[in-house]
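**Student:** Dropping a prediction and its sequence here:
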2 protein chains.
Amino acid sequence: MSYFQHHVFFCCNQRNPGDTCCNDHKAAEMQAYAKDRIRALGLKGRGKIRINKAGCLDRCDEGPVLVVYPDAVWYTYIDKEDIDEIIESHLVKGQIVERLKLEG
Amino acid sequence: MSYFQHHVFFCCNQRNPGDTCCNDHKAAEMQAYAKDRIRALGLKGRGKIRINKAGCLDRCDEGPVLVVYPDAVWYTYIDKEDIDEIIESHLVKGQIVERLKLEG
């Protein structure tokens, strides 16, 4: 049993202007949104879900990216609708969102 | 197969003075040390190891903490010798360091 059932890390790295980076795609805003949604759903905490910021996850060209552990499932996303789908499908029901899933 | 064989997140959160937090225990310094060691060992990259900073992992009272995914093994540590042992035992050989391991 994992300490968190789903532990989600958003790449929130900010690189220099001109370099591709997740934070140019609203990563910090989307992380805050996901965190608020999980709290509102009563799913925050030990044995449940944790939404974290992380430094550069080194998949810059595929960004913005997040990873769900211990599942080791990587996603990209564009907007709050995508985040809602990841929450409602993967985090709540355990069903991977294939259309947003990255390889590996 | 996970994108990273071992994906390590150091809690590097800095709370207000008086509040217990990982960054009061050299978390950022230890993360930088681990990252340098993994690079020097030629273990950095896809299919191998990634060392990341993270926001608050919400185990403040047990800190400083790090977590190794997808294994979902949590550790505390004090100094570079502890980090070296986690690298050489867990990350290189896949053997959990029981004396530093946290529950869950």
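**Tutor:** On my side now, so go ahead.

**Student:** in chain A, which spans are strands?
**Tutor:** A:6-11, A:49-54, A:65-69, A:73-76 (DSSP state E).

**Student:** ok, is the first one in contact with chain B or not?
**Tutor:** Same thing as strand A:6-11. Yes: Strand A:6-11 comes into contact with chain B (Cβ under 8 Å from any Cβ of the partner chain), by way of A:7, A:9. Quick note: C-beta positions are derived from backbone N, CA and C, even for glycine.

**Student:** Quick one: residues in contact with that strand.
**Tutor:** Residues from elsewhere that reach strand A:6-11 (Cβ atoms under 8 Å, 6 or more residues apart in numbering or on different chains): A:22-23, A:27-28, A:30-31, A:34, A:48-57, A:59, A:63-71, A:90-91, B:9, B:52, B:54, B:67, B:69, B:72.

**Student:** ok so, going back, and residue B:13, which of the strands of chain A is closest to it?
**Tutor:** strand A:49-54 (9.5 Å; Cβ to Cβ).

**Student:** returning to what we had before: may I see the strands of chain A arranged in TSV, with mean neighbour count as well?
**Tutor:** Converted to TSV, those look like this (neighbours: other Cβ atoms under 10 Å in any protein chain shown):
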stretch	mean neighbour count
strand A:6-11	25
strand A:49-54	24
strand A:65-69	24
strand A:73-76	21
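
**Student:** so can I have TSV of those showing distance to residue B:17?
**Tutor:** Compiled in TSV, those are given as follows (distance: least, Cβ to Cβ, whole Å):
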stretch	distance to residue B:17
strand A:6-11	27
strand A:49-54	22
strand A:65-69	32
strand A:73-76	37
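
**Student:** In CSV, list those along with mean pLDDT.
**Tutor:** Output for these, formatted as CSV (pLDDT from 0 to 100):
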stretch, mean pLDDT
strand A:6-11, 98
strand A:49-54, 97
strand A:65-69, 98
strand A:73-76, 98
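
**Student:** What about residue A:88, how many residues nearby?
**Tutor:** 14 (other Cβ atoms under 10 Å in any protein chain shown).

**Student:** Closest to the centroid, which residue in chain A?
**Tutor:** residue A:66 (3.7 Å; Cα atoms, centre = their mean).
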